[in-house]
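*Asks:* what follows is a predicted structure for the sequence shown.
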Amino acid sequence: MFGDIYRGRKVLITGHTGFKGSWLAFWLKELGAELCGVALPMETEHVHFDLLGLDMRSETADIRDRGKIAEIVADFRPEAVFHLAARPLVRRSYREPVETFSVNVMGTIHVLDACRLTDSVRAVVAVTSDKCYENTGKREGYKESDPMGGFDPYSASKGCAELAVASYRRSFFDPDEYGKKHRLLLASARAGNVIGGGDWAEDRLVPDMMKAAAAGETVTIRNPRATRPWQHVLEPLSGYLVLGARLLAGETRFARGWNFGPAAGENISVEQVASALAKEWDRVRYRIDPPADAPHEAALLALNCTLARKELLWHGVWTPEETFARTAAWYRDFHTANRVRTAEDFDAYISDARQRGLAWTK
């Protein structure tokens, strides 16, 4: 896969113990990479990364600690860096706005600066969010050229992180100066709502529903009509890995921002997601009761991913139905049979991607 470009290379992942980070670490180990992860201890009852038992270097550090991050990067000397560590929750950002900006903006800058000071680094993929855009309710989806913004502290912090990435790219890693003044290519990746097994974060639709089902409880749906670009966690990760491979190969035109999300027309409402999950696991129960004093959350959010499909030849693999079925089955089997389906889901995804003839599978 990916032309075998990751085999034997040193790759650093920030946020490797988180939901997306743990799946990415699993995939990179399958690709033969030598890994180092940097993250804080998880605050959830279960930790997907621990369940995987991956053989890799794992460092406990806060990306707000500039000196520690620089020390780890300099010591490990990675060739590729995937920056995923973040404060990821909208509603928590209202409670902790300063911490949210500190982690998502200054933490990103600390990682970028550590890479700037370490001459082994050749490729950096900084992961932000689809919420980095100024949300004006566009139904056709936001393109990479649309302005950054954000109503809530989380969304605004991701817009700020994108501006920081763009500044570092222009100031220190100008693609036009690649091979002359530097040897590092920097890109950012913006993905839609990601689901799949192993996410136990607070205040997220799918984890909340799965935790309630495991406990025999009914979950309350607060924003049933909100639509999001739902996708399985492996979908954007394939995009990040395609992007990282192009940067490692020294292809300068890929050093920019990219959207990774489902095809146009696949935005699905929260209530539809809840219904689909309930069909796959009979213990899932929910009721709709939007609170009158709920903090603002965008009702409509969509990404335009034409650029990634045309230039990176990146495409999704699973339909929404397959995504919801795989996700519900992962949690059902974990909670009822203590079975972790990560490797099984990964193998099925790779098999389906190969059947579609996707370029990155070679």
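*Replies:* Right, received. Where do you want to start? Residues are numbered from 1 along each chain as shown.

*Asks:* wait, Arg228 touches Ile195, no?
*Replies:* No - Arg228 is not in contact with Ile195 according to C-beta atoms under 8 Å; the separation is 9.7 Å. Where you see a C-beta, it was placed from the backbone N, CA and C, and this is true even at glycine.

*Asks:* show me the strands in the stretch 201-350 of the chain, by range?
*Replies:* 218-221, 227-228, 231-232, 257-260, 268-269, 285-288 (DSSP state E, counting those that start in this stretch).

*Asks:* can I get those in a markdown table including mean neighbour count, distance to Tyr178 and mean pLDDT?
*Replies:* Shown next, in a markdown table, are the strands of the stretch 201-350 of the chain (neighbours: other C-beta atoms under 10 Å; distance: least, C-beta to C-beta, whole Å; pLDDT from 0 to 100):
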| stretch | mean neighbour count | distance to Tyr178 | mean pLDDT |
| --- | --- | --- | --- |
| strand 218-221 | 16 | 48 | 91 |
| strand 227-228 | 24 | 36 | 78 |
| strand 231-232 | 26 | 31 | 96 |
| strand 257-260 | 24 | 17 | 97 |
| strand 268-269 | 18 | 40 | 86 |
| strand 285-288 | 14 | 51 | 92 |
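
*Asks:* of all these, which lies closest to Lys29?
*Replies:* Minimum separation from Lys29 across the strands of the stretch 201-350 of the chain (C-beta to C-beta) falls at strand 231-232, 19.0 Å.

*Asks:* partners of the closest one, with directions?
*Replies:* With DSSP bridges as the test, strand 231-232 is paired with strand 194-195 (parallel).

*Asks:* only C-alpha atoms, please: export stretch 35-42 in CSV.
*Replies:* Output in CSV follows, covering the C-alpha atoms of stretch 35-42 (Å, rounded to 0.1, in the frame of the first residue of the first chain):
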residue,chain,number,x,y,z
LEU,A,35,6.5,4.6,15.3
CYS,A,36,6.7,7.1,18.2
GLY,A,37,3.5,8.5,19.7
VAL,A,38,3.0,11.6,21.9
ALA,A,39,-0.1,12.1,23.9
LEU,A,40,-1.6,12.8,27.3
PRO,A,41,-3.2,9.9,29.3
MET,A,42,-6.8,9.3,28.1
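
*Asks:* ok so, going back, how about the strands of the stretch 201-350 of the chain in JSON lines, adding distance to Phe101?
*Replies:* Formatted as JSON lines, the strands of the stretch 201-350 of the chain follow (distance: least, C-beta to C-beta, whole Å):
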{"stretch": "strand 218-221", "distance to Phe101": "29"}
{"stretch": "strand 227-228", "distance to Phe101": "23"}
{"stretch": "strand 231-232", "distance to Phe101": "27"}
{"stretch": "strand 257-260", "distance to Phe101": "20"}
{"stretch": "strand 268-269", "distance to Phe101": "30"}
{"stretch": "strand 285-288", "distance to Phe101": "32"}
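
*Asks:* closest to Tyr240 out of these?
*Replies:* The closest of the strands of the stretch 201-350 of the chain to Tyr240 is strand 257-260. By C-beta to C-beta, the value is 7.5 Å.

*Asks:* right, and the strands of the stretch 201-350 of the chain - which one's nearest Leu184?
*Replies:* It's strand 257-260; of the strands of the stretch 201-350 of the chain, that one is closest to Leu184 (C-beta to C-beta) at 16.4 Å.

*Asks:* by contact count, what packs against that closest one?
*Replies:* If contacts are counted by 3 or more C-beta pairs under 8 Å, 6 or more residues apart in numbering; DSSP states H and E, strand 257-260 sits against helix 153-171, strand 185-191, helix 234-248, helix 306-311.

*Asks:* now the longest one, how far from the centre of its chain.
*Replies:* Put simply, helix 153-171 sits 16 Å off its chain's centre (C-alpha atoms, centre = their mean, to the nearest Å).

*Asks:* what residues of it count as buried?
*Replies:* 153-162, 164-165, 168-169 (16 or more other C-beta atoms under 10 Å).

*Asks:* what's the answer for the shortest one, then?
*Replies:* Judged by neighbour count using 16+ other C-beta under 10 Å, the buried positions of helix 306-311 are 307-309.

*Asks:* what about it, average pLDDT?
*Replies:* Mean pLDDT, computed over helix 306-311, is 97.

*Asks:* send the alpha carbons of that helix over as PDB?
*Replies:* Coordinates of each C-alpha in helix 306-311 appear next as PDB, following Å, rounded to 0.1, in the frame of the first residue of the first chain:
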ATOM      1  CA  THR A 306     -13.400  17.500  -5.300                       C
ATOM      2  CA  LEU A 307      -9.800  18.500  -5.000                       C
ATOM      3  CA  ALA A 308      -8.800  15.400  -3.200                       C
ATOM      4  CA  ARG A 309     -10.600  13.200  -5.600                       C
ATOM      5  CA  LYS A 310      -9.100  14.800  -8.700                       C
ATOM      6  CA  GLU A 311      -5.600  15.500  -7.500                       C
END
